[in-house]
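A.B. asks: could you look at this predicted model? Sequence included:
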Amino acid sequence: MGKKVTVVGAGFYGSTTAQRLAEYDVFETVVLTDIIEGKPEGLALDLNQSRSIEGFETKVIGATTGVDGSGYEAIAGSDIVVITAGLPRKPGMSRMDLLEVNAKIVRGVAEQVAKHAPNAIVIVVSNPLDEMTALAQLATQFPKNRVIGQAGMLDTARFTHFVAEELKVPVGSVKTLTLGSHGDTMVPVPSRCTVDGKPLSDLLPAEKIEELVTRTRNGGAEVVALLKTGSAYYAPSAAAARMAKAVAEDSGEVMPVCAWVDGEYGISGVYLGVEAAIGATGAKNIVLTDLSESELAGLKEAAEAVRAKQADVAGL
Ligand code: APR
């Protein structure tokens, strides 16, 4: 049997994720759901009609769901569920401003996922990311390795883009890394940033690197300010879809993701942005990297900031 992946939420993030997953042509079925009557069905029909042009056989199924759980039969037996349901930011909002409203949505969705797709690996993308990932684990009661969040792939990709633009080099020659939270306590890891294998610090002055780090940290807000009516989705969906593909193919690819950290880096019991090997069981294991003293201090600070907020979501 081929793999089945579900994307919950057929807004900008969800629909572009579904498109990418279908175009990979590695899944048997992509299910797209939303509470807006007809929207997922319409998008699924449209995507299916692109199959002969793009050359993929994956079938896309759209399903409208109700908050009472109606329609969720469509996700039955999913190997992977990507949760994109929730409100995006408006200009001037921080991701944390979405906490209460998205907590209700994500909790409701996660409960249905636990019921209808009890063996799925869950990839959360709704914001605020670290908190919604923790909440999805609580609400599903799935083993912690089976619930992961998408943030680090995106933040790292933004950082990489800014470095490539600054140095006018191909994006493929740049490697960067960010850890920590998807927000104010994002932790760039300059010691792991290279261009054609050369340390970034040999190529750019410290102030310039700091400027690019700041732009990366505010990368989502910069897009929101331009769009005015929503948040980014091309780079985010690319990141989420790659994570889902790594799970489906059990690739073991090491990616920066939001994963349960318990003991690694001397940090315990919190969902945090770290590198992990991604495969059929979700986050197979956390992969440690050498951090400088200040990078490690930043990661610990991020852990404490998200720990406090993750404790709050338990009651939402
Ligand atoms: N079940 C399923 N879908 C839902 C639910 C629910 N309970 N509640 C809301 N949705 C749907 C909305 O109907 C909408 O179609 O989620 C979709 C969200 O789409 P957009 O408003 O286009 O937002 P998007 O850009 O896709 O962002 C989704 O990802 O990056 C984060 O901060 C962003 O939390 C936001 C999420």
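C.D. replies: Arrived safely, thanks for sending.

A.B. asks: what does the stretch 201-316 of the chain put close to the ligand?
C.D. replies: Gly230, Ser231, Tyr233, Pro236 (C-beta under 6 Å from any ligand atom). Heads up, the C-betas are built off the backbone N, CA and C, glycines and all.

A.B. asks: filter these to the buried ones?
C.D. replies: Among these, those classed as buried by 16 or more other C-beta atoms under 10 Å are Ser231, Tyr233, Pro236.

A.B. asks: lowest pLDDT pick from these?
C.D. replies: Lowest in pLDDT among those is Ser231, which has 95.

A.B. asks: ok, Leu291 to the ligand distance?
C.D. replies: From Leu291 over to the ligand the distance is 27 Å, taken as C-beta to the nearest ligand atom, to the nearest Å.

A.B. asks: count of residues packed around Asp156?
C.D. replies: That one is not Asp; residue 156 is Thr. 25 (other C-beta atoms under 10 Å).

A.B. asks: any idea which helix or strand carries it?
C.D. replies: helix 152-167 (DSSP states H and E).

A.B. asks: please report the distance of the residue of the chain at minimum distance from the ligand from Phe56.
C.D. replies: Per C-beta to the nearest ligand atom, Gly11 is where the chain lies closest to the ligand, at 1.6 Å. Gly11 sits 22 Å away from Phe56, going by C-beta to C-beta, to the nearest Å.

A.B. asks: ranges for the strands of the stretch 201-316 of the chain?
C.D. replies: 253-261, 270-279, 282-287 (DSSP state E, counting those that start in this stretch).

A.B. asks: that should have said the stretch 1-150 of the chain, apologies.
C.D. replies: 4-8, 29-34, 59-64, 80-83, 121-124, 147-149.

A.B. asks: counting contacts, what elements does the first one pack onto?
C.D. replies: Packing contacts for strand 4-8, counted by 3 or more C-beta pairs under 8 Å, 6 or more residues apart in numbering; DSSP states H and E, involve helix 12-24, strand 29-34, strand 80-83.

A.B. asks: Gly219 is in contact with Thr156, isn't it?
C.D. replies: No. Judged on C-beta atoms under 8 Å, Gly219 makes no contact with Thr156 at a distance of 10.5 Å.

A.B. asks: for stretch 208-224, list every residue counted as buried.
C.D. replies: Those would be Ile209, Leu212, Val213, Thr216, Arg217, Gly219, Gly220, Ala221, Val223, Val224, for stretch 208-224 by 16+ other C-beta under 10 Å.

A.B. asks: I should have written stretch 295-305 there, sorry.
C.D. replies: Buried residues in stretch 295-305 (16+ other C-beta under 10 Å): Glu295, Leu296, Gly298, Leu299, Lys300, Ala302, Ala303, Ala305.

A.B. asks: no further queries at this time; thank you.
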